[in-house]
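Engineer: coordinates only, no sequence provided:
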């Protein structure tokens with residue numbers, strides 16, 4: 001019976017190890033895909049990109065120019081407006097001409113000659129001719145193409161002189177990495193990859209939950225575990241701890257789901273504009289804090305590393321030494337780690353802190369996004385908060401709970417025969 005129980009525990013550990021490894025690979029790929037997809041959806045490539053605005057404006061100008069149809073009624077209206085403009089232009093030029101020439105003797109002579117020759121009168125007589133030439137120019141498709149090219153060129157020159165260029169190096173490297181031709185294709189491909197990856201890992205995640213629950217029930221119900229059986233459950237805890245510290249725990253994702261407005265009579269919009277995105281594991285957070293080279297941040301990084309990584313590993317190692325090494329049972333450090341730290345372990349506090357941090361971030365982001373919607377004015381803005389707790393948190397939580405159940409009495413001697 002005892003042999004059967006031992007082999008059952010071994011099978012439980014092997015299955016949990018395999019499932020955990022498979023899930024870790026899936027989650028690693030999922031994190032990479034999501035980070036690259038959010039990078040392509042970043043607001044600096046969309047709403048904050050001068051190139052995006054330039055392309056939209058140029059397309060609107062092109063459509064407006066090519067949609068210009070001069071019917072007989074339109075031509076008559078335009079003929080009147082153009083003629084009035086030309087008469088006003090000639091009158092203004094004539095007034096300025098005589099005013100300037102009246103300031104000197106030579107100018108008075110020149111103005112007299114112009115007056116006798118009837119230059120300005122002739123210009124007024126030619127206004128109908130000029131008007132017809134302008135209308136013919138506007139009605140010519142080649143002229144429209146030339147006008148479109150001129151306006152597009154002016155728009156490019158203005159944007160280059162006014163706005164700083166957007167750095168597309170990271171953006172383009174992601175598109176090239178997957179062999180897509182443009183950002184739209186890349187976003188579609190990455191979204192499909194994320195969906196497929198999630199579907200493939202679902203069965204393994206369900207299996208992991210079942211195995212962890214089964215291991216917990218065994219620890220709560222079975223008394224007097226043998227030393228090899230205790231070692232198996234210590235290995236199970238270690239199996240859960242490793243992905244718990246390597247995989248991201250919290251995902252903070254704030255974005256504008258949809259922003260629509262009217263420009264020059266055209267309905268325009270942006271979708272999935274990522275304002276902020278971060279997903280970090282415990283070790284990544286520690287590495288970032290160490291990289292800041294600030295004493296206070298380094299101190300916090302040391303605390304996180306100690307209580308979430310080093311301390312759990314030391315406790316598991318001390319438990320193994322206590323179980324298998326008779327001399328180590330009397331070592332003061334081993335006794336402290338095994339007996340004295342159970343109630344003071346920071347692992348469970350770490351889980352609660354991470355969960356509370358998620359709730360806090362989630363509330364702050366939701367509030368800020370609602371303020372953006374309320375200040376939108378004439379624009380229609382729909383924001384979304386896609387923040388969530390990731391697999392790293394659940395692995396770490398499972399490790400904490402199984403660790404508490406492993407030495408439920410606080411003394412391994414009470415559970416080992």
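Structural biologist: Received it, and whenever you're ready, just let me know what you need. Just so it is clear, the structure is predicted and the values come from calculations on it, not from any experiment.
Engineer: strands along the stretch 251-400 of the chain, start to end?
Structural biologist: If you assign secondary structure with DSSP state E, counting those that start in this stretch, the strands in the stretch 251-400 of the chain sit at 266-280, 380-385, 388-389.
Engineer: mean pLDDT lowest where, among those?
Structural biologist: Within the strands of the stretch 251-400 of the chain, the least confident segment by mean pLDDT turns out to be strand 380-385, at a mean of 56.
Engineer: which stretches of the stretch 101-250 of the chain form strands?
Structural biologist: Per DSSP E, counting those that start in this stretch, the stretch 101-250 of the chain has strands spanning 250-263. These are given in chain order.
Engineer: got any ranges where it has weak pLDDT?
Structural biologist: For the stretch 101-250 of the chain, applying pLDDT under 70 flags the ranges 101, 103, 105-120, 123, 138-165.
Engineer: switch the cut-off to 90
Structural biologist: For the stretch 101-250 of the chain, the stretches flagged by pLDDT under 90 are 101-172, 177-179, 181-184, 218-230, 245, 248-250.
Engineer: quick one: the helices in it?
Structural biologist: Secondary structure of the stretch 101-250 of the chain (DSSP state H, counting those that start in this stretch): helices located at 105-117, 119-125, 127-139, 141-162, 169-177, 183-221, 227-246.
Engineer: could you give the number of residues near the closest residue to residue 333 other than its chain neighbours?
Structural biologist: Taking Cβ to Cβ, 6 or more residues apart in numbering as the measure, residue 333 lies nearest to residue 318, with 7.5 Å between them; neighbours along the chain are not counted. All C-beta atoms are positioned from the backbone trio N, CA, C, and that covers glycine. Other residues within reach of residue 318 by the criterion other Cβ atoms under 10 Å amount to 21.
Engineer: how about the one 5 residues further on?
Structural biologist: The number of residues packed around residue 323, counting by other Cβ under 10 Å, is 20.
Engineer: domain map for this protein?
Structural biologist: Described in terms of automatic domain parsing, the domain architecture of the chain consists of the residue ranges 2-49+167-414, 70-162.
Engineer: next, find the distance separating the residue nearest to residue 333 from residue 176.
Structural biologist: Remark: distance between residue 318 and residue 176 (Cβ to Cβ, to the nearest Å) = 50 Å.
Engineer: ditto for residue 232
Structural biologist: When Cβ to Cβ is the yardstick, residue 232 and residue 176 sit 47 Å from each other.
Engineer: show me which of the two is the more surrounded one.
Structural biologist: Each of residue 232 and residue 176 had its neighbours counted (other Cβ under 10 Å), and the higher figure belongs to residue 232 (20 against 10).
Engineer: ok, now which ones touch that one?
Structural biologist: Contact criterion Cβ atoms under 8 Å, 6 or more residues apart in numbering gives 9-10, 12-13 as the residues in contact with residue 232.
Engineer: now, of those residues, which are buried?
Structural biologist: Burial by neighbour count, judged by 16 or more other Cβ atoms under 10 Å, picks out 9, 12-13 from these.
Engineer: any low-confidence regions in the stretch 251-400 of the chain?
Structural biologist: Counting by pLDDT under 90, the stretch 251-400 of the chain shows low-confidence ranges at 251-394, 396-400.
Engineer: and stretch 47-58, which residues are buried?
Structural biologist: Within stretch 47-58, judged by 16+ other Cβ under 10 Å, the buried ones are 49, 53-54, 56-57.
Engineer: which of these sits closest to residue 280?
Structural biologist: Proximity of the buried residues of stretch 47-58 to residue 280, judged by Cβ to Cβ, is greatest for residue 49, which lies at 26.4 Å.
Engineer: excluding its backbone neighbours, what's nearest that closest one?
Structural biologist: Using Cβ to Cβ, 6+ apart, the closest residue to residue 49 is residue 166 (5.3 Å).
Engineer: against residue 174, how distant is the one you found?
Structural biologist: The gap separating residue 166 from residue 174 is 15 Å, by Cβ to Cβ.
Engineer: the two: which has the busier surroundings?
Structural biologist: Between residue 166 and residue 174, counted using other Cβ under 10 Å, the more crowded position is residue 174 (18 against 13).
Engineer: now the residue nearest to that one when sequence neighbours are not counted: which helix or strand?
Structural biologist: If the residues on either side of it in the chain are set aside, residue 174 comes closest to residue 36, at 4.9 Å by Cβ to Cβ, 6+ apart. Per DSSP states H and E: residue 36 is located in helix 2-40.
Engineer: that helix: which residues count as buried?
Structural biologist: By neighbour count on 16+ other Cβ under 10 Å, the buried set for helix 2-40 is 9, 12-13, 16, 19-20, 22-24, 26-27, 30-31, 33-34, 36-40.
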